[in-house]
Each structure stands twice: as structure tokens, then as C-alpha cells.
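Q: All I have is the shape, not the residue letters:
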């Protein structure tokens, strides 16, 4: 599992509330990613980080922000959750010389 | 942008071979990957192939890459019920782009 944990694993929240998801890694990898998985879309990149305080947008970044104040933690925040953000969220790290990404177990988020 | 396509479903009998196909549009990819996702779990890397290779074999898995046709396939020999899952191909250009996944169902 490449030493990646995500918390919480499940969350139900209401429209308009803020939500923060946490990704934690234990192996000091530089690159970290947040994806969302929805039926019919595969995985889509939300944001990624290439170092502490260095982040950039992905394909579906609207409505999301991220922060990385420590190498081991990458936080994804929904400032005001909407029902369209109901999804499964995966964190990943990149490791090895083949640019391979390894994934965490996922967080299932339901916005009512 | 890059587009990666897969068929949605594949059903095979236990013991037969499974072939999962993937097509992509961007020929500048360096590595191409296959991931497996079991219900309620994250994505598990199965194998990858470098873009200058045509074939890679890893135990029951064989990856074939046809760069001319931009076609990638994953063959699973002697398919078992434990192989039932969703399989994603992914192509690495400057970002990792995923196909929509193929659900493999193995029946006895």
C-alpha cells in the first residue's frame, strides 16, 4: 500500500459545509495527488503537489483547494460542499523510476 | 487532451484467458499501466510497460503494446474468480490519464 493512509474513510455531510480530507504517507515521497472516482469517468485529477507548499491544479479543480505544509500530509478541502462532489476520493504518491503512482484506500464522501 | 478508452464489461469462464483492451490518443506517453480495483478498495498496480517495448510478461499477465495503432492490452491467463475486479489502463504523458475501467466477471 506504499504507506498511504486516508482519513476519514467515510463521511456524510450536508450541502454548504466545509470538508477536509487527509492523505498521509510515511515514505517521504515528493509527489502527491488527489483524484476523484465517479462511474463512467474513471479517475480524474483534482490537484497535485510536487513538494511542501508547491501545488498545482488538475483537470477538475473547481470547488477544491489543497495544502501541503509537511512532506507527509496532503490535505484536500471542499470549502462549501455540493452534491456534485459526492464521490470516492483517492490520494496517490509517485514512487520509483517509472513514474508509477500508488494509491491509498480511498475516502467515500456523500454530500446530502 | 489525452483520451483513453476501454470497453465496460468482460465476462469469462474460470480457467479461460481474459483479454482487456485499451486505446489511447497521445503517442508521447512514456509509460503505460494496468491497475486492478476490487470492490471498496483502492487501485492496485498490476504491471506497466515502457513505451519502447512491444510486450511484457509477468507470471499470468501479458501486456501487449501496439504503438502504431495506440492500442494496449492485458491478457490474464487461466483466469480465476479472484481476478474479478475492475481493470484500469492509464497512460502517462505529463499527467496520468485513466480509462473508464473494464469490469471483469469470472464465472465458474
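A: Yep, that arrived. Keep in mind that this is a model prediction, so the values were computed, not measured.

Q: near chain A, which residues of chain B?
A: B:4, B:30-31, B:33, B:35, B:41-45, B:48, B:50, B:88, B:92, B:95-96, B:98-101 (Cβ under 8 Å from any Cβ of the partner chain). No exception for glycine: its C-beta is placed from N, CA and C like everyone else's.

Q: For my notes, confirm residue A:84 occurs in a helix.
A: Yes. The assignment for residue A:84 by DSSP: H, G, I helix; E, B strand; the rest coil puts it in a helix.

Q: which residues touch it?
A: residue A:111 (Cβ atoms under 8 Å, 6 or more residues apart in numbering or on different chains).

Q: how far out from the middle of the chain is the helix or strand containing residue B:65?
A: Assignment of secondary structure by DSSP states H and E places residue B:65 within strand B:61-66. Strand B:61-66 has its C-alpha centroid displaced from the chain centroid by 9 Å (Cα atoms, centre = their mean, to the nearest Å).

Q: Please name every helix or strand in contact with that strand.
A: Here strand B:61-66 touches strand B:31-37, strand B:43-50, strand B:55-58, strand B:71-76, going by 3 or more Cβ pairs under 8 Å, 6 or more residues apart in numbering or on different chains; DSSP states H and E.

Q: Let's verify the residue most central in space within chain A: helix, strand, or coil?
A: Nearest residue to the geometric centre of chain A (Cα atoms, centre = their mean): residue A:34, 2.9 Å. Three-state assignment for residue A:34 (three-state DSSP): strand.

Q: Pick the most buried one from the helices and strands packed on strand B:61-66.
A: Among the helices and strands packed on strand B:61-66, strand B:31-37 has the highest mean neighbour count (mean count of other Cβ atoms under 10 Å in any protein chain shown), at a mean of 22.
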